[in-house]
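>>> Quick one, fold the following:
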Amino acid sequence: MDSNQMFQYEERCRRAEKEVAALMDELSDIQSGRVEHAAKSAKLGEAVASQKRLQFQLLQLEQAIEQESKAKATLPRYVVKDVAGASVNVIDTLRDIFTLTIASVFPKCAKEADALISVPSGKLQTDAMYQSNTAMKLSALLKRHGEKLNPRAVATAIVEGLPANDVIEKCEVAGPGFINIHVGGAFLEAQMTKLVRSGPLPPPTTPLDVIVDLSSPNIAKEMHVGHLRSTIIGDSIARMLEYVGHRVQRINHVGDWGTPFGMLITLLKEEYPNYKQESPSISDLQAFYKRAKGRFDQDADFKTKAYEEVVKLQAREPEVTEAWQLICEVSRQEFKQIYKRLDIELEEKGESFYQEMMQTVVADLGDKLEDDETAPGRKIAWASCKKSTRLPLILVKSDGGFTYDTSDLACLRYRASQAQWLIYVVDSGQSAHFQNVFSFGRDVGWVPESTRIDHVGFGVVLGPDGKRFKTRSGDTVRLKDLLNEGVERATQALAARTSNVALSPEEAHAMIEAVAYGCIKYSDLSHNRINDYVFAYEKMLQDKGNTAVYMLYANARIRSILRHPAIAEAGIDLDELCKTHPLKLTHPKELKLARCLARFPETVDQILKDLLPHHLCDYVYELSNVFTEYYSACYTIQKEGDKVVAVDKNRLLLNHATGQVMDKSLKLLGIRTVDRM
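Below you'll find the predicted structure:
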């Protein structure tokens, strides 16, 4: 709107105001009876309505000019925070740019507005890397502040007010007010060059001490399919935390205390009276546990002895403690075999570690404990979240013993003194329990408000029938058996597919294990952890779709490209090329692939916010598909017939960058990669 147009509108308003003034005089005449009412009222009403319309139009124009002048009040050039040793989180950079712009153009809404930037849905026909729909929310906020501006006008004002920067090439206002954001080719080239020279760097992070509680099987019981999700999900989250620079303790909170050990020690003394001189050959600890449980349930004398052993264990009597340690060590060796196969590293710190702390917990709570009227002698406490959980914490039993609530509070108190971020990877069935424990820990001041606590809950593993995954006899599936069957099935599935590939025995073994264990892990991690999922070997071993096999094939294919003899024949040293050659992007498919690669840091960052590893599975699947498109359209090694005529260095580097990101993604998911398949 230029000044001439504004002047014309003001003139029309002034004329209308004069006419209204004259008509008001006529109205006065009508009311006094000097002029006939019917002859004048219609004209008067029309003039008043016209004047109101013009005043409203003038107000809109003034507001539009005000917004335009704000937009033209240019912000200083935005400098991208590109620090050494870290990658650029592009979406966070754009959010920062848009937030600054909104504060400049619409200062009244600065505190309430959100940049609302996301990756466009695949259904949208756009080459934009990102999209913002903040204009819709801003339009509503402006209305509440007394300014009427439709979303499209808001979006236009934002686009015009953006500061100069190296990230955004252009923005387009689409539809009712969406802003399509195109990231510049030069910026992508710089990021891809950094990627090939330094590898996939993590997004910038302030390092914290983090404790991840995962796996947590029970001593004297074999690990089963129920432990699978906690182990796999927790390991992947820990890997990502370590990748970005956090100091992580992976804690295995094993069940190594309580009444069951009284049963086991009693049976140990009966069946292996010389256990201190000769190590007992308990090859099947699960069967040993079942025998002890059977005796405990059916033999009153055995039960009495078992309780006596528990009391001795709690008193840390040397003989009983030695028997307890022996039983724990047998289990520990079984667990280690499973963890070794799955590449899991853990530090054991079981329930026994917190036993002496529980007495202090109860003593320190003092009058915060209440008597439970329903059970004499029992002591309870209520957390501030009691309206939602409706459950008290039971801290002292009627017989004076402690409970899981006491143990978990002692554990929480200790961990809060050791780390600034606590993550419990435990099934969703424990949600109310952990809500109570965490809330009460904060209520009594044991957990600072600055400490982040997350319960990473997850659903159950289902069989093909949609029920809990069990054996045909109805027993829980042992994790060892599940892994063994995975290896057998992977061997069969890969035999036909790799019959024309010459692999050494070592390569074949590595490939089979990578596929078997990778499929089991990926099948779990590719689902939203909150939901139940169906465990099906047939589906997870498919070489098409969002499966580990497809990802491993894609990764191996990239490695095979980089091993092509034509590269060496052309005198190209890939390591040297990475250090010296600035990567250029010219083909649309090259740009599309670079845009996808540039989103890797923000994907990791998002997972560390919501702790949902399936985002990385979705990303690496998308990357595989985008690379396939690129590979089909953009030849790295150009031939005429069978003769190699050229090697495209830019595409060679882009292949290398893709391989690096895919390899890093799979490793963060805990999946081994192989050179050949």
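
>>> Going by C-alpha atoms from here, please, whenever you check contacts or count neighbours.
Fine.

>>> what's around Leu267, how many residues?
22 (other CA atoms under 10 Å).

>>> Pull the contacting residues for the nearest residue to it once chain neighbours are set aside.
Nearest in space to Leu267, with sequence neighbours left out and distances taken as CA to CA, 6 or more residues apart in numbering, is Ala292 at 6.0 Å. Neighbouring residues of Ala292 by CA atoms under 8 Å, 6 or more residues apart in numbering: Met263, Leu264, Leu267.

>>> Can you verify my assumption that His227 contacts Ile233?
No. Contact criterion CA atoms under 8 Å: His227 and Ile233 do not qualify, at 10.3 Å.

>>> how much space is there between Leu654 and Asp648?
For Leu654, the distance to Asp648 equals 10 Å [CA to CA, to the nearest Å].

>>> Grab the most central residue of this protein for me.
Centroid-nearest residue in the chain: Ile607, 2.1 Å away (criterion: CA atoms, centre = their mean).

>>> need the contact list for that residue.
So Ile607 contacts Pro613, His615, Leu616 (CA under 8 Å, 6+ apart).

>>> So which of Leu654 and Asp648 has more stuff around it?
Comparing Leu654 with Asp648 by other CA under 10 Å, the one with more neighbours is Leu654, at 25 against 14.

>>> State the helix or strand in which that one lies.
Assessed by DSSP states H and E, Leu654 sits inside helix 649-668.

>>> ok now that helix, how far from the chain's centre?
22 Å (CA atoms, centre = their mean, to the nearest Å).

>>> Also stretch 476-484?
With CA atoms, centre = their mean, you get 28 Å for stretch 476-484.

>>> how about it: buried residues?
For stretch 476-484, burial by neighbour count (16 or more other CA atoms under 10 Å) applies to Val477, Arg478, Leu479, Lys480, Leu483.

>>> Could you do stretch 206-213 as well?
Val210, Ile211, Val212, Asp213.

>>> now, which of these lie within strands?
Val210, Ile211, Val212, Asp213 (DSSP state E).

>>> Test my guess that the last one contacts His253.
Yes. If you go by CA under 8 Å, Asp213 and His253 touch, sitting 6.6 Å apart.

>>> Could I get the full set of strands for the stretch 201-350 of the chain?
Counting by DSSP state E, counting those that start in this stretch, the stretch 201-350 of the chain has strands at residues 209-213, 247-252, 347-348.

>>> What pairs with the last one, parallel or antiparallel?
Right, strand 347-348. strand 247-252 (parallel) (DSSP bridges).

>>> Leaving out chain neighbours, which residue sits closest to Lys639?
In space, Lys639 is closest to Val645, 5.3 Å off (CA to CA, 6+ apart).

>>> for Arg442, that is, sorry about that
Pro448 (6.6 Å).

>>> Same question for Asp166.
Phe187 (6.3 Å).

>>> From Glu309, how far off is that neighbour?
Distance from Phe187 to Glu309, by CA to CA: 69 Å.

>>> Comparing these two, which residue is more hemmed in?
Neighbours were tallied for Phe187 and for Glu309 using other CA under 10 Å; the higher tally belongs to Glu309 (23 against 15).

>>> who's in contact with that one?
Counting by CA under 8 Å, 6+ apart, Glu309 has contacts Gly262, Met263, Ile265, Thr266, Val320.

>>> from these, which two are the most distant?
Across the contacts of Glu309, the longest distance by CA to CA is 11.9 Å; it joins Met263 and Val320.

>>> So which of those two has more stuff around it?
Neighbours per residue, other CA under 10 Å: of Met263 and Val320, the larger number sits with Met263, 26 against 22.

>>> Tell me the predicted confidence for the residue nearest to Leu264 when sequence neighbours are not counted.
Excluding the flanking residues, the one nearest Leu264 by CA to CA, 6+ apart is Ala292, at 5.8 Å. If you check Ala292, the pLDDT there is 93.

>>> before we move on, what about Gly45?
For Gly45, pLDDT reads 64.

>>> and what of Phe402?
pLDDT, Phe402: 90.

>>> Report the contact partners of the nearest residue to it once chain neighbours are set aside.
Nearest non-adjacent residue to Phe402, counting by CA to CA, 6+ apart: Val396, 5.0 Å away. Val396 makes contact with Val362, Gly377, Arg378, Lys379, Ile380, Phe402, Thr403, Thr406, according to CA under 8 Å, 6+ apart.

>>> can I get those residues in JSON lines with neighbour count and secondary structure?
Below are the contacts of Val396 laid out as JSON lines (neighbours: other CA atoms under 10 Å; DSSP: H, G, I helix; E, B strand; the rest coil):
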{"residue": "Val362", "neighbour count": "19", "secondary structure": "helix"}
{"residue": "Gly377", "neighbour count": "15", "secondary structure": "coil"}
{"residue": "Arg378", "neighbour count": "20", "secondary structure": "coil"}
{"residue": "Lys379", "neighbour count": "22", "secondary structure": "strand"}
{"residue": "Ile380", "neighbour count": "19", "secondary structure": "strand"}
{"residue": "Phe402", "neighbour count": "20", "secondary structure": "coil"}
{"residue": "Thr403", "neighbour count": "16", "secondary structure": "coil"}
{"residue": "Thr406", "neighbour count": "23", "secondary structure": "helix"}
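
>>> Looking at the residues you listed, spot the one nearest Lys467.
Closest to Lys467, out of all of these and judged by CA to CA, is Thr403, at 31.1 Å.

>>> and that closest one, what does it touch?
Ile394, Leu395, Val396, Lys397.

>>> on that earlier part again, looking at His227 and Ile233, which one has more neighbours?
Regarding His227 and Ile233, a neighbour count based on other CA under 10 Å identifies Ile233 as having more, with 28 against 20.

>>> hang on, isn't that one packed against Ser526?
No. Ile233 lies out of contact with Ser526 (CA under 8 Å); the separation is 10.4 Å.

>>> tally of neighbours for Tyr339?
Tyr339: 15 neighbours (other CA under 10 Å).

>>> That one: what's its closest spatial neighbour, skipping adjacent residues?
Glu345 (7.0 Å).

>>> and the gap between the one you found and Ile338?
Taking CA to CA, one finds Glu345 at 11 Å from Ile338.

>>> show me where the stretch 551-677 of the chain has helices.
Using DSSP state H, counting those that start in this stretch, the helices of the stretch 551-677 of the chain run over 565-569, 574-580, 588-598, 600-610, 614-633, 649-668.
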